[in-house]
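Asker: got a predicted structure plus its sequence, pasted below:
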Amino acid sequence: MYKIILSFRYLLKRRISYLAFLAVALCVFIVVVVMTVITGLVRDFKVNNHKWVGDCIVGTESLVGFAYYEDFIKRIEKSDFIEGISSVVKSYALVRGRDSEEGIGIEIMGIEPVKHSGVTGFGETLYHRKNDVSKAFVPAHDPNLVGCVVGIDRWLVRDAKGRYSYEVSPVEAALLVSCFPLTSKGALAKAGAGLVNTKTFYYSDTSHSGLARVDSSFVYLPLEEAQLLCGMGGSVKRISAIHIKFKPNVKLEDGCDKVAALWKKFIEEKKGEKQAELLDTVTVQSWKEYRRPFIAAMEKEQTMLTIMFALVGVTTVFIVLVVFYMIVSHKSKDVGILKSIGVSKVNIIELFSCFAFLTGLLGCVVGVFAGWLFLLKINQAEDFLFEHFGFQLWDRTMYAIGDIPSAIDLKVLGVIIVSAMAACLAGAFLPSWQAAKLEAVEALQVSQL
Amino acid sequence: MFLWLRYLHKKKIVFLSIAAVALSVALLIVVASLFGGFIDVFEQSAVKAIGDVVLGPPVKFSKYEELIERLERMNVVEEATATLSAQGLLHLGKGNVRGVEIWGVSNLDTRFSKPERVSGNEYPVSKGKHPVYGFVGIGVVAEPDEETDEYDFDAVKKLIGEQAVLTMGAVMKAQEEGKAAVRRRTVKFAIADVVFTGVYYLDKELVYLPIEELQKVLYPNGSEGVAGQIQIRLRADAETDVALAQIRGVWEAFATEHLRWEPYLIRGTVIATAKQMQSKYVAEFRKQMGVLLLIFGVVSLSAVLLIFCIFYMIVETRQKDIAIIKSCGATNSSAASIFVGFGVCVGLIGSGTGMILGDIVTKNINTIEEWIRVIFGLKLWKSSVYMFSKIPNEVDWESALLIALSAVVASAVGALIPAIIAARTRPVNILSYE
């Protein structure tokens, strides 16, 4: 009991200990704010990537694609762990307006909108056809035409607050999409004719996936049209990838392992058949593996920031050490008295550790509260700064970031609090040890008093 | 001074404040140098890729040789070259097809320095059996190693001399209908060299052909060659604003006389420095750097708290010293100046140490990053993410001095309150016999 009483007494009576808790609070505040924002950005990025890919992808990087996908789909459709399957064609194309002579290189993605929305978040990314995904490729002005969905950053401009100026209904615009069809051997099809496969598509909607790279470079087309454009629509049809969604109770790794096993068996069965060699280029990956190059980059930045904060946090350990050193120097009389009545070294260490714990706890409470308050108002604060001083944390016309993430991640918060408490205990250890070593007979000498 | 040295010698705890100042200064210097270096390299890479000034009309234009001649006669211009760009597919072999950007340039043979060319050749390539030759970015034909982020140059060298096929869409008007249609145009070329500029986008996306070849492909019916833009390198002593004004004058005269363009087209021509074209991004990067430095600066304020604590402790334990000095006739300000001066001294030593530490870390950042990869298997810097192959490792001394100066001031501020307490010490109370 005396440990708690003395700890509180030291904390309240020794004003110098306020400095220790102030330092802890400052560090906790900064780390909570920065890590919440960074973690939020990484989390949003991951969620958007997951939504864009689905759970698992069976695909090839080769623009030639692979055949017999329908057979494989039929087989896995029967599996009890699969919720949705979507076939996808990916390739490069030149796109130009009807009156333009300049072609722009873009990536095209051929999909069946309903199936793809059942696997990915494609339906949610639409604006005009969000509630009727089956009509994603149906232009509003003429349902008989073939439509295309354009990555939003290719079509609309973000304003300074990161908002897009959506049209009331999709404008009438024709896009001429030209692809260079490839044979199953990878050579250019129609080599002698000098022709490209060109088809006119009519703008039907925009897709806002929240992934800057995707939204600025992709145009979505109906699957069959994309197959024809890319030379994948012959007697043996080809695609680039199969996107799969697992049932909610299926673990990602388990689901991917099962699909990989089924794929392996499927390849074995198809060996010797026409175009079967294309199946060897196909890999089975989870969405995390598939988007790893992009996700890992953001995670690394998070790691680097954490390391830098850990380095700066060392100063807080120093402060706690100095403050405790001072308190121990001033309270040698207390220590002497305690030891003279039989308190052990361990108990003295526990006393000062309890004091350090209280200091850390108070610092954490204040730091977390201030951080929470700051995060609560961070977007309003940014709006205010932008309106009055033209300052934005991120220029929304350049970055695909909406609001600044402000939801505190409890796991991250837990790590920050534990680290801060550990820093306090580490800082207090040496002075506590020094206090524990004090002999009552020395501490209570008249000359020391 | 005697007391400073004595406190430094006797009070080992002061070294903690020096260490804290040094750590904060080093960290801020490293962050400022790396971020600042990144921005500089970003700006320089644009200059290297497109020249000092770019002249870009809204539509493609002919008779560019005459314009280049006029520009090169100017005192401010070192060299001017015409470029034409297009997008297409590069076919490197069975099933190996990728989307690329094609730059037709008029100075292909001399455009890249020896270290930038994987072959190591300095001068024009032998055309060999292929009448058309071109350069490709290293990222177009190879992928960097997943772990080391380095290219296999030996494997890449083997591609030199190999044939590749570029497929582009040329918009041509069909004679019978007068409607524009895309016709596939292919050009076979020998890979005369592979270019490694260290700038990810350029290395990953670009294929370079002689401008004449690209003109033949894209405009087969055109009697005159056309260019999309003119890239201009200024003389070292040229003043940018003056040069821009002079170039605009030459362009207006040329476009009026030779192209007979309408004024709106002439005025719509962008004539800007590469740095101006990047200014929006650079401003954003600088803002991000400022925010990061502010965050670390605020966290570093705890070093001020630390100095305050330590000095407060010294003042408390050395009250007798202060009292004796004051009893010898020292004024309050003299007593205070001892501790403020000591704070400055701590700041100077800490800043000096921090600057040395920051310098060492920054200059060896690539080695440190490599060691982190070897020991922890964590590749922190990838060209595909940060645009450049190497981490910029030049210390930004301007920022470093500013940071060091701020640290000295902060140290003095940290020592201020203890100094005031020292100044208010009354010798009569401290030195009384009881």
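Answerer: Sure thing, it's come through.
Asker: contacts, neighbours, all on C-alpha from now
Answerer: Will do.
Asker: show me what the helix or strand hosting residue A:436 is packed against.
Answerer: Per DSSP states H and E: residue A:436 is located in helix A:410-437. Using 3 or more CA pairs under 8 Å, 6 or more residues apart in numbering or on different chains; DSSP states H and E as the contact criterion, the neighbours of helix A:410-437 among helices and strands are helix A:16-53, helix A:292-330, helix A:332-340, helix A:345-376.
Asker: now mean neighbour count and mean pLDDT too, for those, in CSV please.
Answerer: Below are the helices and strands packed on helix A:410-437 laid out as CSV (neighbours: other CA atoms under 10 Å in any protein chain shown; pLDDT from 0 to 100):
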stretch, mean neighbour count, mean pLDDT
helix A:16-53, 22, 89
helix A:292-330, 20, 80
helix A:332-340, 19, 78
helix A:345-376, 21, 89
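Asker: could you redo the ones you listed as CSV and give each row distance to residue A:411?
Answerer: As requested, the helices and strands packed on helix A:410-437 are exported to CSV (distance: least, CA to CA, whole Å):
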stretch, distance to residue A:411
helix A:16-53, 11
helix A:292-330, 14
helix A:332-340, 39
helix A:345-376, 13
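Asker: show me the shaky parts of chain A.
Answerer: By pLDDT under 70, the low-scoring segments of chain A are A:1-3, A:6-8, A:11-12, A:14, A:101, A:190-196, A:443-449.
Asker: and the residue of it that's closest to chain B?
Answerer: residue A:186 (3.6 Å; CA to the nearest CA).
Asker: CA atoms only: put the following helix or strand past the helix holding residue A:436 into CSV for me.
Answerer: Beyond helix A:410-437 in the direction of the C-terminus, DSSP H and E gives the next helix or strand as helix A:440-443. These are the backbone C-alpha positions of helix A:440-443, laid out as CSV (Å, rounded to 0.1, in the frame of the first residue of the first chain):
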residue,chain,number,x,y,z
ALA,A,440,19.9,3.2,5.4
VAL,A,441,22.9,4.0,7.5
GLU,A,442,24.4,6.3,4.8
ALA,A,443,21.1,7.9,3.8
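Asker: tell me the helices and strands packed up against helix A:440-443.
Answerer: Judged by 3+ CA pairs under 8 Å, 6+ apart, the packing partners of helix A:440-443 are helix A:332-340.
Asker: quick one: is whichever helix in chain B runs longest near chain A?
Answerer: Secondary structure of chain B per DSSP state H: the longest helix is helix B:274-317. Yes: for a cut-off given as CA under 8 Å from any CA of the partner chain, helix B:274-317 has contacts with chain A, namely B:284, B:287-288, B:291, B:295-296, B:299-300, B:302-303, B:305-306, B:309-310, B:313.
Asker: what's the answer for stretch B:394-408, then?
Answerer: No: contact of stretch B:394-408 with chain A is not found when judged by CA under 8 Å from any CA; the minimum separation is 14.1 Å.
Asker: distance-wise, check the residue lying closest to residue B:413 once chain neighbours are set aside relative to residue B:344.
Answerer: Taking CA to CA, 6 or more residues apart in numbering or on different chains as the measure, residue B:413 lies nearest to residue B:304, with 7.3 Å between them; neighbours along the chain are not counted. In this structure, residue B:304 and residue B:344 are separated by 12 Å, where distance is defined by CA to CA, to the nearest Å.
Asker: neighbour count winner among the two?
Answerer: The residue with more neighbours, out of residue B:304 and residue B:344, is residue B:304; 26 against 21, by other CA atoms under 10 Å in any protein chain shown.
Asker: pretty sure the more buried one is in contact with residue B:410, am I right?
Answerer: Yes: at 6.1 Å, residue B:304 counts as touching residue B:410 under the criterion of CA atoms under 8 Å.
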